[in-house]
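In: sharing a model that was predicted from the sequence below.
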Amino acid sequence: MSYLEEIKKRKPFALLDILFYGVLVAAIIVLFCIFVFGGKGKEASGIEVQVDGKVVYTYRYGIGGETVKGYEYSIIEEIDNDTVYVTVMLDESGKEKNVIVIDTLEKRVVMHDATCSFRKDCTHMKAISTERDVIICLPHKLKVLPIGFEEDLFHPSVG
Amino acid sequence: MKKHLKNFMPLTLCSIVALTSACGSGVTLQGRTTSRYFNAQAIWVYEISGQKDEETWANLTTMLQSVEKSVSVSSGGAIARFNEAEAGEEVELDKTAYDVLTVAKNVYEKTDGAYNPAVGILIDLWGFSPRFSEDYEPYYVYDRLNPAEQLPEEIYIEEFLKLTDFSEVELSERNGKYYAMKPDSKVVLDGVTYTMQLNLGGIGKGYAADRAEEIIRAAGYSYGYFNLAGSSMSVLKNPNGADGKIWDIGVVSPRGKIADGDMLTVFVSDLPLSSSGDYVQYYELDGKRYSLIIDPLTGYPVNTAPTDTDGSGIICASVFGLPAAEGDATTTALIAMGKDRAIEYIRNELGDVLTLFVWYNASDDSYTLYTNMTSDEYMLIGEMDTVTL
């Protein structure tokens, strides 16, 4: 065998070897990314408003809002450009209410105002932007949940 | 290829085993929640184990009900009876209330009064007692029609401060029963006599989280966590985490300017977590935030006293590694201490306990994270300067 042929025989990897280990490395990188970066919540596609466990209103980004039949008297929806104001009236006098503001551009929902207590604790809660966020007004038994909400028990928070 | 496969087969097999083990450890987690106790959500995440899951959950909810009744100011339990008692009267306690008050005493003394559960009357004055949550109507002479629009009268703050000397509360045990002697101090304003009022909101949930951990571990669970109100947590192992045990726990941002969600993530397992801050129960008036956390020295919510010239101060604190009851009280104390004293306390008293607080500088509207954690123990998500203690 010539010297050149010897060198060729000693080549560390053939094409198949490179492909095999390349696939292995790619798989490791993909799994790494899933486990390390995959913890963030998925963007919410909309919200639903529940009062005392019953859904009274839903809003889907790109589609709009819908009041559940039977609750038309208690939901007032006002649209101002890219912002939707949803007032949920909780009694006939109109004294008890919550005002939810939906930023349809940023896809972000906050509790803007409420008559639950002078402190309005629900207005201090984190905005809803992912499928894991929730706003609760305990005195009014009102919840604002992202559509498709599933309590993410496996990414806990304190504070 | 054949030669290389033979040489690299052990490495290849190890990689495959490592990859597939990351996809599952054989432990499946499940969660249960309830919002019936402490006016907050309790979450228990655990490894599915069969029949004992139901029994353990029943034990947990029974415990929560019992602790809440004991430490609540409005349930007819031990602390409520103490508050209703006359000055100088001895009140019989249940063991839970006695244990919680014992922890409270320890932290009160360690922090030189920065944590003080005897500010209950001030908490009520400022509008943060449970009676302010629903259907509030002014009842006491000092009540305002809308506390968020009018501050309490200065005379009440000054006089009520005289009722907050927790060192005067004497705890005792006799013949298997427990007692607390209510101090003889009282003030009379507008013909009404006021006495010391305890509020264990800053420690009661932590105590419940500690008891929950005992129940869970006694039942044989090694994985999961118990989270009460998001402020008191007992963490076990995470089967899907790093090293088969590490949880990534988010710490909620106290201000939207820092982060819209969690401000940082800590990487921990098998320890309790406690967190307090001024961003859950508060109202704002004339640019100041009046929160539930009362400064025992001034009688004002932290960072709002006339002596707090510009509103700068600690706005939240977390500790990881103290029993949750002690941790809850300690985080409250850190916020009340102010920055310099808190730094000294962390360095001298907390040692290896992982601690953080966020300080707000009103002069330039900026936030700074102070922590003794190393960079591999947490990951900052929000935007703020960091000082390592």
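Out: Everything's here; your move.

In: name the SS class of B:Pro296, please.
Out: Using DSSP: H, G, I helix; E, B strand; the rest coil, the structure places B:Pro296 in coil.

In: cool, and A:Ile28?
Out: Here A:Ile28 is helix, with the state taken from three-state DSSP.

In: count of residues packed around it?
Out: The criterion is other C-beta atoms under 10 Å in any protein chain shown. On that basis, A:Ile28 has 14 neighbouring residues. Backbone N, C-alpha and C define where each C-beta goes, glycine included.

In: measure it to chain B for me?
Out: Using C-beta to the nearest C-beta, to the nearest Å, A:Ile28 is found at 7 Å from chain B.

In: quick one: pLDDT of that residue?
Out: The pLDDT attached to A:Ile28 in the predicted structure is 82.

In: and it, how close does it get to B:Asp376?
Out: Going from A:Ile28 to B:Asp376 by C-beta to C-beta, to the nearest Å gives 21 Å.

In: repeat for B:Ala362
Out: In this structure, B:Ala362 and B:Asp376 are 33 Å apart, going by C-beta to C-beta.

In: do the same with A:Lys9
Out: As judged by C-beta to C-beta, A:Lys9 and B:Asp376 stand 47 Å apart.

In: do the same with A:Val23
Out: Taking C-beta to C-beta, one finds A:Val23 at 31 Å from B:Asp376.

In: quick one, which of the two is more surrounded?
Out: Comparing A:Val23 with B:Asp376 by neighbour count (other C-beta under 10 Å), the higher total belongs to A:Val23, at 10 against 7.

In: and the next helix or strand past the helix or strand encompassing that one?
Out: Using DSSP states H and E, A:Val23 falls within helix A:15-37. Scanning the chain past helix A:15-37 towards its C-terminal end, the next helix or strand to appear is strand A:46-51 (assignment: DSSP H and E).

In: which other residues reach the helix or strand just after that next one?
Out: Using DSSP H and E, the next helix or strand after strand A:46-51 towards the C-terminus is strand A:54-60. Defining contact as C-beta atoms under 8 Å, 6 or more residues apart in numbering or on different chains, one finds that strand A:54-60 is touched by A:45-50, A:65-68, A:71, A:74-75, A:77, A:84, A:86, A:88, A:102, A:147.

In: and residue 57, what pLDDT?
Out: Looking at chain A here, since you left the chain open. The pLDDT attached to A:Tyr57 in the predicted structure is 93.

In: ah, no, chain B please
Out: At B:Trp57 the predicted local distance difference test score is 96.

In: that one - that's part of a strand, no?
Out: No: judged by three-state DSSP, B:Trp57 forms no part of a strand; its state is helix.

In: which of the helices or strands spans the nearest residue to it once chain neighbours are set aside?
Out: Distances taken as C-beta to C-beta, 6 or more residues apart in numbering or on different chains place B:Arg32 nearest to B:Trp57, at 5.6 Å, with adjacent residues excluded. When secondary structure is defined by DSSP H and E, B:Arg32 falls within strand B:29-37.

In: what do you get for B:Trp359?
Out: Per DSSP H and E, the secondary structure element for B:Trp359 is strand B:354-361.

In: who does that strand pair up with?
Out: Here the strand partners of strand B:354-361, with direction, are listed using DSSP bridges: strand B:313-320 (antiparallel), strand B:366-371 (antiparallel).

In: and those strands as JSON lines, adding mean pLDDT?
Out: Rendered in JSON lines, the data for those read as follows (pLDDT from 0 to 100):
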{"stretch": "strand B:313-320", "mean pLDDT": "97"}
{"stretch": "strand B:366-371", "mean pLDDT": "97"}
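
In: what's the most buried one of those strands?
Out: Highest mean neighbour count of these: strand B:313-320, a mean of 26 (counted as mean count of other C-beta atoms under 10 Å in any protein chain shown).

In: export that strand to CSV, keeping only CA atoms.
Out: Presented in CSV, the C-alpha positions along strand B:313-320 are these (Å, rounded to 0.1, in the frame of the first residue of the first chain):
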residue,chain,number,x,y,z
GLY,B,313,-36.8,52.3,51.3
ILE,B,314,-36.9,48.5,51.1
ILE,B,315,-40.0,47.4,49.2
CYS,B,316,-39.7,43.6,49.3
ALA,B,317,-37.6,40.9,50.9
SER,B,318,-37.2,37.1,50.6
VAL,B,319,-35.3,34.5,52.6
PHE,B,320,-34.6,31.0,51.6
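
In: any chance you could list what contacts that strand?
Out: Residues lying outside strand B:313-320 but in contact with it, judged by C-beta under 8 Å, 6+ apart, are A:158-159, B:251, B:254-255, B:266, B:268, B:271-279, B:302-303, B:327, B:330-332, B:334-335, B:337-339, B:342, B:350, B:353-360, B:367.
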